[in-house]
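J.: Please work out how this folds:
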Amino acid sequence: AASALAAVMSAWAPARAAHVLQHYHVAGFGWVLLSMALLRIFLVRGRPWLLPAFALSLLLASMQSAYHTLFGALGSFLVALATIASRRVPAARTASASGAFAVAMVLSYLFFESFPGGMPPVMDRAEAVYWAAEPASFLLPSPFGIPWVLSGAGPAMSWMPNLFEGVVTPGLTVLLLALLFLLRRRSRGIATAEDRRGLLLLAILSVIPFALALGPWLKFMGRPVGIPMPFAILQDVPLLEGARSPSRFAILGTCMLAVPAAAAASSLGRR
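T.: Here you go, the predicted structure:
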């Protein structure tokens with residue numbers, strides 16, 4: 001039940017729904033999530049057939065969008081980190097997963113290098129600032145929800161560049177449920193202490209993609225305030241200079257946060 005609820009939260013997340021309206025290839029996040037799930041199951045259970053399936057799903061994610069290469073790489077790393085830090089994972093299993101990840105990344109690179117005419121030109125850093133999110137945007141209710149629509153408010157706030165790149169909120173329900181999970185010491189329905197630690201780490205690590213969604217410079221009411229952010233480091237990495245839409249990282253953060261939020265909802269009981 002918790003897994004099904006997490007899937008619903010991820011599929012209907014406002015940050016993802018906004019991209020359905022314009023960038024469906026970015027909103028189609030399934031291959032990224034599948035690769036993260038397969039990696040998690042392999043690290044926990046060690047079934048060898050999961051490795052090629054993990055590498056293949058990661059490659060298919062890359063073939064859908066170059067942003068999915070970034071999301072898949074970061075998501076796989078964060079899931080592996082949460083798993084290894086919360087339970088005992090054999091070193092050989094970790095090494096095998098790292099090898100499969102490397103193969104998927106090399107094949108993804110070869111796929112993009114095969115494009116006729118080369119990759120798109122490198123964008124100016126100011127453009128990445130323009131398409132970045134703001135902290136206040138994460139705390140908004142969903143603009144697609146009935147209360148927001150009935151209020152008569154527009155779907156995008158004045159400080160957002162547009163609806164598609166400006167809506168980054170996971171939704172207030174997901175935020176409150178995730179906060180509930182963090183505050184409660186015990187959660188019914190979670191089998192082991194290792195699982196709870198893994199979910200706790202997943203909630204904490206979701207801060208990383210949310211921070212990347214803020215772009216290279218922090219903004220307030222649409223204007224940079226001169227505070228550098230982690231996305232600026234990402235743009236200094238070779239082959240990643242062309243990344244210009246940092247707000248899309250909010251989709252990854254939302255999907256990560258949906259898992260502990262769904263666990264909290266399922267632990268509340270039927271009432």
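
J.: shaky segments in the stretch 51-200 of the chain?
T.: 117-125, 185-191 (pLDDT under 70).

J.: Tell me where it has helices.
T.: 66-86, 91-113, 125-130, 146-151, 163-166, 172-183, 193-205 (DSSP state H, counting those that start in this stretch).

J.: Turn these into TSV, including mean neighbour count and distance to Ala18.
T.: Every residue, glycine included, has its C-beta placed from N, CA and C. Below are the helices of the stretch 51-200 of the chain laid out as TSV (neighbours: other Cβ atoms under 10 Å; distance: least, Cβ to Cβ, whole Å):
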stretch	mean neighbour count	distance to Ala18
helix 66-86	22	14
helix 91-113	15	25
helix 125-130	17	16
helix 146-151	11	13
helix 163-166	22	5
helix 172-183	18	15
helix 193-205	19	23
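
J.: To Ala213, which of those helices lies closest?
T.: helix 163-166 (9.7 Å; Cβ to Cβ).

J.: Which secondary structure elements does the closest one sit against?
T.: helix 14-20 (3 or more Cβ pairs under 8 Å, 6 or more residues apart in numbering; DSSP states H and E).

J.: Any buried residues in the very next helix or strand once past the helix it packs on, and which?
T.: Heading C-terminal from helix 14-20, the first helix or strand you meet, by DSSP states H and E, is helix 24-27. The neighbour-count check on helix 24-27 (16 or more other Cβ atoms under 10 Å) flags 26-27 as buried.

J.: Stretch 262-271 now?
T.: 262-267.

J.: Of those, which belong to helices?
T.: 262-267 (DSSP state H).

J.: Export those residues as JSON lines, with columns for distance to Pro224 and pLDDT.
T.: Shown next, in JSON lines, are these (distance: Cβ to Cβ, whole Å; pLDDT from 0 to 100):
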{"residue": "Ala262", "distance to Pro224": "36", "pLDDT": "91"}
{"residue": "Ala263", "distance to Pro224": "37", "pLDDT": "89"}
{"residue": "Ala264", "distance to Pro224": "35", "pLDDT": "89"}
{"residue": "Ala265", "distance to Pro224": "37", "pLDDT": "88"}
{"residue": "Ser266", "distance to Pro224": "41", "pLDDT": "84"}
{"residue": "Ser267", "distance to Pro224": "41", "pLDDT": "82"}
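
J.: Tabulate these (CSV), appending distance to Leu202.
T.: Below are these laid out as CSV (distance: Cβ to Cβ, whole Å):
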residue, distance to Leu202
Ala262, 11
Ala263, 10
Ala264, 12
Ala265, 15
Ser266, 15
Ser267, 15
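
J.: With distance to Gly46 as extra columns, can I get the helices of the stretch 51-200 of the chain in CSV?
T.: Converted to CSV, those look like this (distance: least, Cβ to Cβ, whole Å):
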stretch, distance to Gly46
helix 66-86, 12
helix 91-113, 5
helix 125-130, 40
helix 146-151, 45
helix 163-166, 40
helix 172-183, 27
helix 193-205, 15
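
J.: Out of these, which gets nearest to Thr254?
T.: Using Cβ to Cβ, the helices of the stretch 51-200 of the chain put helix 172-183 closest to Thr254, at 7.1 Å.

J.: In CSV, could you pull the C-alpha coordinates for the closest one?
T.: Only the C-alpha atoms of helix 172-183 are listed here, as CSV (Å, rounded to 0.1, in the frame of the first residue of the first chain):
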residue,chain,number,x,y,z
LEU,A,172,1.9,20.5,1.0
THR,A,173,0.5,17.1,1.8
VAL,A,174,3.8,15.4,0.8
LEU,A,175,5.8,17.9,2.7
LEU,A,176,3.7,17.5,5.9
LEU,A,177,3.8,13.7,5.7
ALA,A,178,7.5,13.7,5.2
LEU,A,179,7.9,16.0,8.2
LEU,A,180,5.7,13.7,10.2
PHE,A,181,8.0,10.8,9.3
LEU,A,182,11.0,12.7,10.4
LEU,A,183,9.4,13.6,13.7
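
J.: which residues are in contact with that helix?
T.: 9, 13, 138-142, 169-170, 187, 199-200, 203, 254, 257-258, 260-265, 267 (Cβ atoms under 8 Å, 6 or more residues apart in numbering).
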